[in-house]
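# Build me a model:
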Amino acid sequence: MEKITGKNNDMIKNVKKLISSSGKRREQGLFVLEGARLVFDVLNSFYKVKYFLITESAYEKYSSQADEMIKLCEQSYIISEDVSEKLSDTKSAQGVFAVCFMKESNDFTLSDNAKVIALDNVQDPGNLGAIIRTAEALGIDAIIVGGGCDLYNPKALRATMGSALRINIKQTDNLESVLTELKKRNIPVYATSPDSSAFPITDVDFSKGGVCVIGNEANGVSDEIKALCDSLITIKMLGRAESLNASVAASITMWEMVR
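Here you go, the predicted structure:
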């Protein structure tokens with residue numbers, strides 16, 4: 001493997017840009033995974049790897065998985081600890097990185113009784129990651145990420161603990177259009193709301209599937225999305241809190257969808 005020791009190497013500078021800029025990720029159709037768990041999870045996913053970068057100490061620790069990655073990727077490199085520190089988006093770099101191609105198609109296939117979570121401009125990467133991780137754990141069929149935090153944000157990817165590499169996800173800048181198409185297939189669409197006049201989620205029949213929209217952390221589901229939904233649903237709260245954190249609301253919603 002070629003060695004890279006200089007932090008000003010052009011390829012390294014580009015990888016750093018991919019880590020920090022959603023615009024660069026979209027422009028190049030690439031994203032970066034960091035850390036042994038996430039990087040080696042890609043071995044069992046549908047994503048293809050362009051570059052694999054690893055320090056000598058990390059290679060000694062993860063030699064068998066690293067050898068698999070070397071066979072899988074287009075190019076692999078040994079990087080210095082200094083380069084690893086430059087690239088790392090975490091406090092303690094593990095010295096393992098993969099530059100991956102985004103999915104060739106952003107389309108996804110759903111059955112008519114699919115259970116889907118749609119996110120309307122969810123901004124926080126921690127919330128996005130937690131929702132994706134919970135969705136996989138509970139067996140949700142798909143997630144629609146409508147605006148907000150970039151799916152390939154490094155913090156969001158870490159928070160998914162690898163679930164983003166396996167679950168069916170569609171990212172869109174036009175959530176209204178995607179939901180409209182699903183409604184044409186007679187798939188019910190619900191908007192979650194803290195409004196006490198909304199229909200209690202515990203009374204909704206999800207046996208034939210449906211889409212539940214989780215709103216933005218500050219403003220909830222937008223008026224435009226609410227207008228096209230079949231009904232507003234709510235998680236009844238007995239305490240004095242006015243609303244729930246987005247990832248908590250999503251978790252409770254998903255549990256009600258699958259129970």
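
# Hmm, residue 231 and residue 199 touching each other?
Yes. Contact status for residue 199 versus residue 231: in contact at 5.4 Å, counting by CB atoms under 8 Å. C-betas here are computed from N, CA, C, even on glycine.

# If we go by neighbour counts, what in stretch 232-247 is buried?
232-235, 244, 246-247 (16 or more other CB atoms under 10 Å).

# Tabulate those residues (JSON lines), appending secondary structure, distance to residue 59 and pLDDT.
Below are the buried residues of stretch 232-247 laid out as JSON lines (DSSP: H, G, I helix; E, B strand; the rest coil; distance: CB to CB, whole Å; pLDDT from 0 to 100):
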{"residue": "232", "secondary structure": "strand", "distance to residue 59": "53", "pLDDT": "97"}
{"residue": "233", "secondary structure": "strand", "distance to residue 59": "50", "pLDDT": "97"}
{"residue": "234", "secondary structure": "strand", "distance to residue 59": "52", "pLDDT": "95"}
{"residue": "235", "secondary structure": "coil", "distance to residue 59": "48", "pLDDT": "94"}
{"residue": "244", "secondary structure": "coil", "distance to residue 59": "44", "pLDDT": "86"}
{"residue": "246", "secondary structure": "helix", "distance to residue 59": "39", "pLDDT": "95"}
{"residue": "247", "secondary structure": "helix", "distance to residue 59": "35", "pLDDT": "96"}
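
# Out of those, which is nearest to residue 63?
Distance to residue 63 across the buried residues of stretch 232-247 (CB to CB) is lowest for residue 247, with 36.3 Å.

# from memory that closest one sits against residue 135, does it?
No. Contact criterion CB under 8 Å: residue 247 and residue 135 do not qualify, at 10.5 Å.

# So which of the buried residues of stretch 232-247 is the closest to residue 70?
Residue 70 lies nearest to residue 247 out of these, by CB to CB, at 36.0 Å.
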